[in-house]
Structures are given as structure tokens and as C-alpha cells.
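>>> Below is the sequence, then the predicted model.
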Amino acid sequence: MINEAPALESLSTRYELLVASISDYAIYMMDTEGRISSWNAGAQRFNGFSEKEVLGTHFSRFHTEEDKKGGLARRALGTALREGRFECEGWRLRKDGSLFWASVVIDPIYTPEGEHVGFANVTRDVTERKRVMEALRESEQSFRLLVQGVIDYAIYKLSPEGLITNWNLGAERIKGYAPEEVLGTHYRRFFTENDKAAGVPERGLEVAAREGRYESEGWRVRKDGTRFWAHAVIDALYDDDGELVGFAKVTRDNTEQRQAQESLEQARAALFQAQKMESIGQLTGGVAHDFNNLLAVVSNGIDILCTAPPEGTGGRVLDSMRRAVERGAALTQQLLAFARQQPLEPSVQQLNRLVLGFEGVLRRAAGPLMRFEMDLDPKLRQASIDEARFESALLNLVVNARDAMPEGGTLEVTTRNVRLEANQTGSLPAGDYVRVSVADTGTGMSEEVRQRAFEPFYTTKEVGKGSGLGLSQVYGFIVQSGGAVTIDTEAGKGTTINLFLPALAESVPDVPAQRPAREERVLIVDDDPLVMESARELFQAMGYATVHANDAAAALRTLQRDREVDVLFSDVMMPNGMTGLELAREVRQRYPHIKIILSSGFPQSEQEFAIVGKPYRLADLARQLRTG
């Protein structure tokens, strides 16, 4: 214990010598008021003052005028006393008036008894480090401004967890979010629900962290809910120690490029499909015409045989042959419809009127399990169409829709005026069109079925439940009428078939067919009593008076006696020499005021007179009476 004091004194002396010789740090002591009480070599080198010049002066002499006015010295000593240390960086003054950037630490000094006796100030000149850091910040700022100014790419950073940490103008433009709306949120918000469920956002970060980069394309979602096709790149960011600190994310909106590519592919597919359908149509038309020629020979033979009384079973055989001919003729008409070679009788029509007039048939065809709805545009424009073929096409679509909903569902017929751009629907030119749509909530179609839906004899129905000519007939008829047919469908979600027809200049209001102003008289000519009675009942239901004759000669005698006949309704096939067509020509010559309508069980290309096909309905007769 006797030698402790000299030893401590010697240690203190050595420590003071050590501090005094340090030249890389300014180390000096201050009393409790901040007056300098010691000064080392480093302090003299940094500040330029000798020990004699600074001892007893306040350390605030090294502060800038701004710091002096701000009370930096008082605040520094107060913080050191209160918290045990004060640290800061800032500009300091040398003796020659120049500035250096200083890193300053001030610690309070206490005696072993706890008495506060002053402060220790350690200052380091870090001007060069600050210059480097400022240059780096300026470079980063320039790069940030460059990135921020890019508007064609969404460029932003993510934390290692995928949280958004910055946001450029391109990201705001492409995705629709302002920075304050997305900063701190997870980038998975931009993905579709399906991609989220599949873990696509997380997989992107995992791959980028493992391999350094992740690149992909897919749908992304904007703030307003719309989607865009994105090409995205994620790059991993590491610090100097190789630690993952986040990700750089670059996204480009490639929707237009994708749409252009899809349009090109669709155009190629449409061209191929059109060429295929045209080839099938040419083949179908040729087969149908050859088949019609064969049927004509058979039909004519039957007509010749029918002029003689049938013996034994001959009558039944002839009837069977006739029915077979009629079925064959119907088949050829379907084939010709697809081949766009059937004779049409177009006239200006208000399609709403046709749909409403045919509603009862459509509802019955749909069946009791269907919820049948109609949504007709009251301002629908007119179109030029073959009325009977249009009704047949509509019926085909309703039956197809019904068959797609075996357990029931909703079937809706709608009409709309639409404006199409060039090549928007098939090869139709730009212009105004009338669209008639039949929609169902049934099984829908796969893409393969949709592509082949218009091919003749192609069907997905069971054997015996469909010929595969329904949609092909609709397609051929609408295209021959100057329009187009499209199918909107998805397997399991229903189908909508749209018929587009060129719209005429002006629409006409829907006015129901009216009864004749006076009781007009119809002469019915038919050799079949049952057919004659049926026709009589139909005409009387429409408010007409009727007279009848069983052959052409009897009809001419009736017209000589009865001058009040307004309409001649005759079967084309007549006994006793004069046919219905010959009778019609004779009546037109003798009585030009009489309206003439013929009926036939065979397809007719004759355009001289209005013709209804057997079996005819009240709507068929009413239509011809209005227009014939």
C-alpha cells in the first residue's frame, strides 16, 4: 500500500503522454463549463491552434456561427451529463477559417467519489469519408431520379419478405397506385386470385433468392381491377457481406404485344377455318346437287306410278317411297343451306316481330324445364332476311340450347343493334349490324368442340339424337344472307350463339298483324279432304270466309260463279291434269286482283308465286297473306 500512490501517478503520467502524442484524433479535456483545460497533438493538427492559444477558452469557438446561434455547445454538454454521452457529426472551424467535417464524442468525467469535474472531447476529421458518402448519395439520387422518371417500366424495390419499399412513376402509371397506397404492402397484391392461391408471388422471391433472378409472364391486376399482361423480372440484392437485403422488381405492360400476337394467331386460324369450311361447303354442295338429281328421278317415277290405281301393297310401297324422297329432299336442303346454295327469298323484316310471332313455338321447343326469357331491343333496326329460314335457324339454336341443359336452366333470346369494326367478327366489313343471340346456362363447349361446331355431320349428341347439320345449316344460311355467326362459350358455363345481319337504314315499329278490314274470301284447292279441312280452319281462325274445290277445273268453275274471292290457296300437286302452278298462272291471267299462295310438300325454287311448305302453320299462312 505504501507504493500505490507513486505507481498510480506514474500510470497517469504515461496515459497523458499517450493521449498527447495521438495525432489522428483531437482529444482534449474541458471543465464543467466547457472551457478547454488540455490539448493534444491531434487537436492542434486538426484545428490549427496551439495549446497556448486555446487553454481556458470555450470549446464553442470551433463551432460555426449557425451552431453557436442554435446553442449546440450547451445542448452537447447537457446531453452528455444527462445521458452519459453526446455524439454528433458536423462542420467545425479551423484557425485559418476553413471547415472540416468532424465526428465528435463528448463524455462527462467524474472523480472516484462521483463528483463531476469536467468533460472529455474526442473529435475526428471525417471530411474525406463525408465527401465519398455525398458522392455516393448524389450518384444514388441521380439513379433514383432516372428510375423515378421512367414511365414505360414499373421499377420498385422489395424487402426480403416482399414488402414494397419504393415506387416509380412507371409503376404508378401501369398499376394505378400512388406511392402512399403501396409502400409497406406486399407485392402479391398485384397478382390474380388464382396466382395467389398457387403461390406464384412467393415462388418468384424464392427462385430469385436462390438463383439470383426470376423472370416470368402472366396476368397482373391494376388498382381498378382490370388486368394486364406483364413481363416481370426480379433480381436479388445483396450487401457487401453477401447478405440478402431485398429485391429489385421490373415489370413491363406487354398487353398490346400479346393482343397483337393473339390477333395474328387468330387471323391465321380463321383463315385456315374459312378455307376448310369453304372446301367442305363445295363438297357438300356437289353431293347435295347430285343427290337431288337422283331424288328427282325417283320422285318423278313415283308421280308417274301414282297416276295409276295402286294394286295390292303397291300403294303402301309408294307412300313409303314418297316419305323417303321427302326425307332425302329435306336432307339436301340442309346440305345446301350449309353450302350457301339454297334459294332464299329475302325481304325487309323487323326481327323483333319475327321473334315475337315465333315465340310460342320456341317456348314449346324449349320445354317445361327451361326458364325461357326474351330481351328485345325496342329500337332494333331492320334487316333483309328469308323469314322462314330465319325462323328455322332460331328454332335450331333453341333446340341445341335445350339439349345442352338436360336438367333445366335459363334460355334467353336477345336482340341488339351493334356497331362492328373491320374484321371484328369474321370477315364482316365495318358497319351497323343487327345481332340476335340465343344464350343458355348449359354445359358449354370445349375449345375443340367450338372450333368444329359448324362442320356438317359433326355432333356431340348420342347416336340418333342429332344429325350434326343444325348449326351448319344456321351458319350457311346466315353467311349466305351477308352475315356471320359467332360462339361465346366455356365448358361448364353455358353458351351464347350470336347471329349478325347487316342492318338497314331505318327501323320500323313493331305492329301486330291485323285482321282484314272486311271478311275476305279464300278459295282452297286441295284433293285431300283432311288437308282441305285443316286449311279451312286455319283461314277461318284468321277471319277469312272460305270456299273450296278438289281440283283445278273445279276451282276455275267456282271463280266464274263467285266474283268475291280475294285469295287462291292451292296445292301444287293436283289430280286430273292441271297442276296447282298451272292453275295459278291461269288465275293470274284471268283475275289479276286475286292474291295467290301455293303449298307443297317439296322444296320449290319457283319464284313466280308465294309458296308455303307442308306441313304449314297458321304463322306461315298469315305471313304470306301479309306479304304475298
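Arrived safely.

>>> Which pLDDT value goes with residue 611?
Per-residue pLDDT puts residue 611 at 83.

>>> Tell me if it really is in a strand.
Yes: under DSSP: H, G, I helix; E, B strand; the rest coil, residue 611 sits within a strand.

>>> Enumerate every residue touching it.
By C-beta atoms under 8 Å, 6 or more residues apart in numbering, the contact set of residue 611 is 572, 597, 598, 599, 600, 604. Any C-beta I mention is one placed from the backbone N, CA and C, and that applies to glycine too.

>>> Just give me the closest of these to residue 240.
residue 604 (92.4 Å; C-beta to C-beta).

>>> Which pLDDT value does the model give the closest one?
53.

>>> one step back: from the contacts of residue 611, which shows the smallest pLDDT?
residue 604 (53).

>>> What segments of the stretch 401-550 of the chain are strands?
With strands called from DSSP state E, counting those that start in this stretch, the stretch 401-550 of the chain shows them at 409-420, 431-440, 484-489, 495-502, 521-525, 545-549.

>>> now for the fifth one, which elements pack on it?
Counting contacts by 3 or more C-beta pairs under 8 Å, 6 or more residues apart in numbering; DSSP states H and E, the secondary-structure elements packed against strand 521-525 are helix 529-541, strand 545-549, helix 552-561, strand 565-571.

>>> Quick one: distance of the longest one to the chain centre.
Right, the one you point to is helix 529-541. Distance of helix 529-541 from the chain centroid (C-alpha atoms, centre = their mean, to the nearest Å) equals 53 Å.

>>> Show me what it is in contact with.
Contacts of helix 529-541 (C-beta under 8 Å, 6+ apart): 522, 524, 526, 546, 548, 550, 569, 571, 614, 618, 621.

>>> How about the second one?
Contacting residues not belonging to strand 545-549 are listed as 519-526, 532, 535-536, 539-540, 555, 557-558, 562, 565 [C-beta under 8 Å, 6+ apart].

>>> Give the burial count for the spatially closest residue to residue 153 that is not a sequence neighbour, as a bare number.
Excluding its sequence neighbours, the residue lying closest to residue 153 (C-beta to C-beta, 6 or more residues apart in numbering) is residue 170, at 4.7 Å. For residue 170, the number of neighbouring residues by other C-beta atoms under 10 Å comes to 22.

>>> Check residue 152 too.
Counted with other C-beta under 10 Å, residue 152 comes out at 11.

>>> again, but for residue 625
The burial metric for residue 625, expressed as a neighbour count using other C-beta under 10 Å, is 21.

>>> Over to residue 240?
Using other C-beta under 10 Å, residue 240 is surrounded by 5 other residues.

>>> same deal with residue 225?
Residue 225 has 7 nearby residues by other C-beta under 10 Å.

>>> can I assume it sits in a helix?
No: Residue 225 is assigned coil when assessed by three-state DSSP, not a helix.

>>> what sits against it?
Neighbours of residue 225 in contact, by C-beta under 8 Å, 6+ apart: none.

>>> what domains does the record give for the chain?
19-125, 132-253, 261-339, 347-502, 521-627 (automatic domain parsing).

>>> Those: lowest mean pLDDT?
With a mean of 53, domain 261-339 has the lowest mean pLDDT of the domains of the chain.

>>> circling back: of the contacts of helix 529-541, just say which sits nearest to residue 232.
Distance to residue 232, by C-beta to C-beta, is smallest for residue 618 among the contacts of helix 529-541, at 64.9 Å.

>>> Residue 621: how many residues sit nearby?
Residues within reach of residue 621, counting by other C-beta under 10 Å, total 23.

>>> Residue 624 and residue 612 touch, don't they?
Yes: between residue 624 and residue 612 there is a contact under C-beta atoms under 8 Å: 5.9 Å.

>>> Compare neighbour counts for the two and give me the winner.
Neighbour totals were compared for residue 624 and residue 612, and residue 624 leads with 23 against 20 (other C-beta under 10 Å).

>>> how about the more buried one, what does it touch?
By C-beta under 8 Å, 6+ apart, the neighbours of residue 624 are 597, 610, 612.

>>> I'd like to know how many residues surround the second one.
Pointing back at residue 610 there. The number of residues packed near residue 610 is 18, by other C-beta under 10 Å.

>>> circling back: helix, strand, or coil at the residue nearest to residue 153?
helix.

>>> how much space is there between it and residue 161?
Distance of residue 170 to residue 161, given as C-beta to C-beta, to the nearest Å: 23 Å.

>>> Also residue 492?
If you measure residue 492 against residue 161 using C-beta to C-beta, the figure is 38 Å.

>>> Let me know the secondary structure of residue 576.
Going by three-state DSSP: residue 576 is coil.

>>> Measure how buried the nearest residue to it once chain neighbours are set aside is and give me the count.
Taking C-beta to C-beta, 6+ apart, and ignoring the residues beside it in sequence, residue 576 has residue 551 as its nearest neighbour in space, at 4.6 Å. Look at residue 551: counted by other C-beta under 10 Å, it has 19 neighbours.

>>> would you turn the strands of the stretch 401-550 of the chain into CSV with mean neighbour count?
Output for the strands of the stretch 401-550 of the chain, formatted as CSV (neighbours: other C-beta atoms under 10 Å):
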stretch, mean neighbour count
strand 409-420, 18
strand 431-440, 21
strand 484-489, 18
strand 495-502, 22
strand 521-525, 23
strand 545-549, 18
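
>>> Would you tell me which of the ones you listed gets closest to residue 450?
Per C-beta to C-beta, nearest to residue 450 of the strands of the stretch 401-550 of the chain: strand 484-489, 5.3 Å.

>>> what residues does that closest one touch?
By C-beta under 8 Å, 6+ apart, strand 484-489 touches 425-428, 444-445, 450, 453-454, 474-475, 478-479, 495-500.

>>> change it to 6 Å
Contact partners of strand 484-489, identified using C-beta atoms under 6 Å, 6 or more residues apart in numbering, comprise 425-426, 428, 444-445, 450, 475, 478, 495-500.

>>> Can you give the distance of it from its chain's centre?
Using C-alpha atoms, centre = their mean, the offset of strand 484-489 from its chain centre is 15 Å.

>>> Sheet partners, orientation included, of that strand?
Its sheet considered, strand 484-489 pairs with strand 495-502 (antiparallel) by DSSP bridges.

>>> quick one: residue 564 from residue 211, how far?
96 Å.

>>> what's the closest of the contacts of helix 529-541 to residue 58?
residue 618 (117.4 Å).

>>> count of residues packed around residue 156?
There are 24 residues near residue 156, going by other C-beta under 10 Å.

>>> Number the residues from 201 up from this point.
Got it, the first residue is 201 from now on, which makes the last one we talked about residue 356.

>>> okay but it is in contact with residue 367, surely?
Yes: assessed by C-beta atoms under 6 Å, residue 356 is found in contact with residue 367 at 5.0 Å.

>>> picking up where we left off before, put the buried members of the contacts of strand 745-749 into a PyMOL selection.
Buried residues among the contacts of strand 745-749 (16 or more other C-beta atoms under 10 Å), as a PyMOL selection:
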select buried, resi 720+721+722+723+724+725+726+732+735+736+739+755+758+765
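
>>> List the buried residues of stretch 562-574.
562, 565, 566, 570, 572.

>>> Determine the number of other residues adjacent to the closest residue to residue 311 other than its chain neighbours.
Ranked by C-beta to C-beta, 6+ apart and with sequence neighbours excluded, the top spatial neighbour of residue 311 is residue 317, at 5.8 Å. Look at residue 317: counted by other C-beta under 10 Å, it has 12 neighbours.
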